[in-house]
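Asks: A structural model of the following input is requested.
(2 chains, ligands or ions: 2)
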Amino acid sequence: MKIVVTVKQVPDTNAEKTFDPANNRLNRSTIENVLNPFDEYAIEEALRLKEKLGGDTTVTVLTMAPESGRDVVRKALAMGADSAALLSDAAVGGSDAMATAYALAQALKKTGFDLILTGTQSTDAICSIVPAAIAEHLGVPCLTFAKKVTVSDGAIEVQRETESGYLRVSAPLPALVSVTKSANEPRYPSLKGIMGAKKKEIAPLSLADIGADTALLGDPGSRTRVTAIAPVGPRPKGTVITAADATEGARAVIDFLVAKKVI
Amino acid sequence: MNALVIFVEQEQGALRRIGFEMASKGAEIAKVLAIPSVAVVLGAGANVAAEQLKSTPVDIIAAGEDVPVEKYLLDPAVDALEALLKEKGPSYVLFPASNAGKDLAARVAVRLNAGVITEATELSVVDGTLVAQSPKFGGSAIATIDFKDSTYAVVLCRPNSFAARKEPGKGELITLAAPAGKTYVAVIEERVAQEAGAVGVDEASVVVSGGRGLGGPEHFDIIEALAAALGGAVGASRAAVDAGWISHSHQVGQTGKSVAPQLYIACGISGAIQHKVGMRSSGTIVAINKDPNAPIFEFCDLGVVGDIFQIVPALTQLVKERKGTG
Ligand SMILES: Cc1cc2nc3c(=O)[nH]c(=O)nc-3n(C[C@H](O)[C@H](O)[C@H](O)COP(=O)(O)OP(=O)(O)OC[C@H]3O[C@@H](n4cnc5c(N)ncnc54)[C@H](O)[C@@H]3O)c2cc1C
Ligand SMILES: Nc1ncnc2c1ncn2[C@@H]1O[C@H](COP(=O)(O)O)[C@@H](O)[C@H]1O
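Replies: Ligands and ions are numbered 1, 2, ... in the order given. This next block holds a predicted model:
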């Protein structure tokens, strides 16, 4: 079985963000990139499925990113993925989430797959729409927000988180599943894994390779447009008091809430 | 654009507040654009839900009682929405930023080649077109976004962003038929309710969160009691979730939920950056922590240096007294 995990590079949360006034895009050059923390759960789930299913099961990671995406992919390889593909092309720069999903779907047609695993969101975009859009492009069952994944005999079953509990959902393979944080505890790359990752192949993919229509990509292919972006200043520091006892502390809070009209 | 369509989630006839928020805002925007607003409810209970939507200012309420969304995961809803939207022609479509809302938005958008704006916290009309605001990069920036070259335009709306208005509109009822001649393979085998009726942290207007300072799962009862007294939801830091004291669905922060309630009360939470990014857009932030140097005191509106085990129960009592429930 071929499992493909889509992973994204995201700017480190701790980094100071600045935006290019010319196009309202993030100045990615000034900040360190990391593997989207949500994607680690998808990688871990893929590795666990491989361990369980054995045989000819392989785990490939796929990312669409500039060349710097290599570093992020290395981490996934160090965790234990077998191979990687990096879709990198100047024409994809500026793609919004929907255009990104189109490109990834085209790339997945090229790599082939029985099961696609993704994270549930990326820490920079937090849009959570890429997975479902990929599934729709490929016409495969879309089983998102899974906290438990079971594969057997060409079929898959997941527990899908909802706002009020979960649904147990089954479907035939091939399928796409996005994996939530509750699914597992991602492993740390071992020293052996880190050394081994250096030797693993990261296959470059271009738009020509995947037969993508450039009119649907990058800025021209994006149907949304950021017209302004403004950093939010720090919240002004409020009042901090030291309570002599419980009653005084509680009283201070209630008076404040009443004054603020929140209760 | 010919119409503004609002997808409202319902379960057995019950609506969540976000449905009323979106119906109110959607109707307001449609009115400015001089196009009809259409609320859509699907699945068993849709007719009951439709009656409730009559209290909102929408023009048309489309109910698809027979669309089998409780049997098959979302596929019937995608088909029903696609059919409705093709019939309406160029439209704006609003979805709630819930798990199902996100999937539907993405899939309908692929079918109709639509643009999608996610996590909208404000909608307005500028020069005759819809413009949205959306927090980016963990709330450290606000983007203003509009659509280009879009015949259909999809917006995902964050809960707690718009006021729900009780103000009946035309409320004309129409029936949506189940998609005909389709077979579906993603089967819902079982529906498990974990916290029936509870409002999730991302939708509640008050969130009371507990962190490592609680010291153990048995102490979450003081957080639950304060949340209950305030009519709010219980949140948690990752430290509390990782310790197994409470389930991940309560986690606020970078790897949990992003919340923006009117009131956020952090109890025994230090205020790490990864927690902050999930709650800093809240209306009012109150923090109770025994360490005067806790980072959370740098960005709260009111900070109380003290012991949560003392202050939280005392506060719960005062809230009950104030509300006449204690
Ligand atoms: C990639 C990544 C993602 C992360 N995502 C998240 C996330 O989504 N959400 C999140 O919350 N964290 C997240 N974290 C973890 C984050 O960095 C912090 O470790 C975590 O928020 C700390 O939780 P805490 O404040 O409960 O615990 P601590 O930092 O240990 O703070 C406990 C606080 O309780 C106070 N206290 C103790 N006893 C009492 C008492 N009796 N009365 C009053 N105060 C008391 C202490 O003074 C202390 O300030 C993430 C970290 C990483 C690396
Ligand atoms: N550029 C990308 N390359 C590979 N995978 C991506 C990319 N963008 C998003 N994804 C996948 O889609 C998931 C959801 O991301 P998003 O919809 O951006 O919040 C992520 O967890 C990734 O698995």
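
Asks: so where does B:D221 fall, helix or strand?
Replies: For B:D221, the element it lies in under DSSP states H and E is helix B:220-230.

Asks: What does the pLDDT read for the residue in the stretch 101-250 of chain A positioned nearest to ligand 2?
Replies: Among all residues of the stretch 101-250 of chain A, A:G119 sits closest to ligand 2, at 2.4 Å; criterion: Cβ to the nearest ligand atom. (C-beta placed from N, C-alpha, C; glycine too.) Here the pLDDT value assigned to A:G119 is 97.

Asks: okay, now it: neighbour count?
Replies: By the criterion of other Cβ atoms under 10 Å in any protein chain shown, A:G119 has 26 neighbours.

Asks: show me what contacts the residue of chain A found nearest ligand 1?
Replies: Minimum separation of chain A from ligand 1 (Cβ to the nearest ligand atom) falls at A:P37, amounting to 4.3 Å. Neighbour list for A:P37: A:123, B:254-255 [criterion: Cβ atoms under 8 Å, 6 or more residues apart in numbering or on different chains].

Asks: Dump these into TSV; add secondary structure as well.
Replies: Converted to TSV, the contacts of A:P37 look like this (DSSP: H, G, I helix; E, B strand; the rest coil):
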residue	secondary structure
A:T123	coil
B:Q254	coil
B:T255	coil
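
Asks: count of neighbours near residue 22?
Replies: No chain specified, so I'll use chain A. Neighbours of A:A22 under the rule other Cβ under 10 Å: 6.

Asks: meant chain B, my bad for not saying
Replies: 28.

Asks: quick one: B:L230 and A:I263 touch, right?
Replies: Yes - using Cβ atoms under 8 Å, B:L230 makes contact with A:I263 at a distance of 6.8 Å.

Asks: Identify the contacts common to these two.
Replies: When contacts are counted by Cβ under 8 Å, 6+ apart, B:L230 and A:I263 have B:263, B:319 as shared neighbours.

Asks: about what we covered before: ok, for the residue of the stretch 101-250 of chain A closest to ligand 2, nearest residue in space, not its chain neighbours?
Replies: Nearest residue to A:G119, sequence neighbours excluded (Cβ to Cβ, 6 or more residues apart in numbering or on different chains): A:F38, at 3.5 Å.

Asks: Help me confirm that B:D103 is found in a helix?
Replies: Yes - assessed by three-state DSSP, B:D103 belongs to a helix.

Asks: Around it, how many other residues sit close by?
Replies: Neighbours of B:D103 (other Cβ under 10 Å): 28.

Asks: could you measure it against A:P172, distance?
Replies: Remark: distance between B:D103 and A:P172 (Cβ to Cβ, to the nearest Å) = 19 Å.

Asks: Please apply the same query to A:T247.
Replies: 63 Å.

Asks: B:V199 too?
Replies: Taking Cβ to Cβ, one finds B:V199 at 36 Å from A:P172.

Asks: now swap in B:P135 and tell me
Replies: Distance, B:P135 to A:P172, using Cβ to Cβ: 38 Å.

Asks: show me where the chain has helices.
Replies: Assuming you mean chain A. Using DSSP state H, the helices of chain A run over A:39-53, A:69-79, A:97-111, A:130-138, A:191-197, A:207-210, A:218-221, A:246-259.

Asks: I was thinking of chain B, sorry if that wasn't clear
Replies: Assigned by DSSP H, chain B shows helices spanning B:17-33, B:46-53, B:75-88, B:99-112, B:220-230, B:238-242, B:273-276, B:308-323.

Asks: ok, and which of those helices has the densest surroundings?
Replies: Ranked by mean neighbour count, the helices of chain B are led by helix B:99-112 with a mean of 25 (mean count of other Cβ atoms under 10 Å in any protein chain shown).

Asks: right, is it up against ligand 2?
Replies: No - Helix B:99-112 lies out of reach of ligand 2 by Cβ under 6 Å from any ligand atom, never closer than 8.1 Å.

Asks: What's the mean pLDDT across that helix?
Replies: pLDDT averaged over helix B:99-112 gives 97.

Asks: Compute the inter-axis angle for it and helix B:17-33.
Replies: Using axes from the mean of the first three to the mean of the last three Cα atoms, to 10 degrees, the inter-axis angle of helix B:99-112 relative to helix B:17-33 is 40 degrees.

Asks: all strands for the stretch 51-200 of chain B, in order.
Replies: Secondary structure of the stretch 51-200 of chain B (DSSP state E, counting those that start in this stretch): strands at B:60-64, B:91-96, B:115-120, B:122-126, B:129-136, B:141-147, B:153-157, B:172-175, B:187-193.

Asks: Show me the contact partners of the top strand by length along chain A.
Replies: In chain A, with assignment by DSSP state E, the single longest strand is strand A:142-152. By Cβ under 8 Å, 6+ apart, the residues outside strand A:142-152 that reach it are A:1, A:45, A:49, A:52-53, A:115, A:120, A:131-132, A:135-136, A:156-162, A:166, A:169, A:171, A:173, A:175-180, A:182-183, B:73-74, B:99, B:102-103, B:107, B:186.

Asks: Which one of the residues in chain A is closest to chain B?
Replies: Per Cβ to the nearest Cβ, the residue of chain A with the smallest distance to chain B is A:R223, at 2.7 Å.

Asks: Now that residue: closest residue in space, sequence neighbours ignored.
Replies: Nearest residue to A:R223 in three dimensions, chain neighbours excluded: B:G115, at 2.7 Å (Cβ to Cβ, 6+ apart).

Asks: can I assume that neighbour is in contact with B:L156?
Replies: No - here B:G115 does not reach B:L156: they are 11.7 Å apart, not a contact under Cβ under 8 Å.

Asks: Spatially central residue for chain B, please.
Replies: Closest to where the C-alpha atoms of chain B average out (Cα atoms, centre = their mean) is B:P159, at 3.1 Å.

Asks: Low-confidence ranges, chain A, go.
Replies: By pLDDT under 70, the low-scoring segments of chain A are A:13-17, A:28-30, A:125-126.

Asks: got the residues of it near ligand 2?
Replies: A:6-8, A:36, A:38-39, A:63-65, A:97, A:100, A:104, A:118-119, A:121-122, A:125-131.

Asks: 8 Å - rerun?
Replies: Contacts of chain A with ligand 2, taken as Cβ under 8 Å from any ligand atom, map to A:5-9, A:36, A:38-39, A:42, A:62-65, A:69, A:87, A:97, A:100-101, A:103-104, A:117-122, A:124-131, A:133-134, A:178.

Asks: Quick one: buried ones out of the residues you listed?
Replies: Neighbour-count burial (16 or more other Cβ atoms under 10 Å in any protein chain shown) is assigned, among the residues of chain A next to ligand 2, to A:5-9, A:36, A:38-39, A:42, A:62-65, A:69, A:87, A:97, A:100-101, A:103-104, A:117-122, A:124-131, A:133-134, A:178.

Asks: Spit out the contact partners of B:K182.
Replies: B:75-76, B:79.

Asks: How about B:G244?
Replies: Neighbour list for B:G244: B:P217 [criterion: Cβ under 8 Å, 6+ apart].

Asks: Give me the pLDDT value at it.
Replies: B:G244 is assigned 93 on the pLDDT scale.

Asks: what about A:V140, distance to A:P172?
Replies: Taking Cβ to Cβ, one finds A:V140 at 9 Å from A:P172.

Asks: Which one's more surrounded, those two?
Replies: It is A:V140, of A:V140 and A:P172, that has more neighbours when counted by other Cβ under 10 Å, with 23 against 14.

Asks: Verify the stated contact: the more buried one with A:P174.
Replies: Yes - in this structure A:V140 lies within contact range of A:P174 using Cβ under 8 Å: 5.1 Å.

Asks: Give me the common contacts of the two.
Replies: Common neighbours of A:V140 and A:P174 (Cβ under 8 Å, 6+ apart) are A:I116.

Asks: follow-up on the earlier one: next up, the contacts around the residue of the stretch 101-250 of chain A closest to ligand 2.
Replies: By Cβ under 8 Å, 6+ apart, the neighbours of A:G119 are A:6-8, A:36, A:38-42, A:131, A:178-179.
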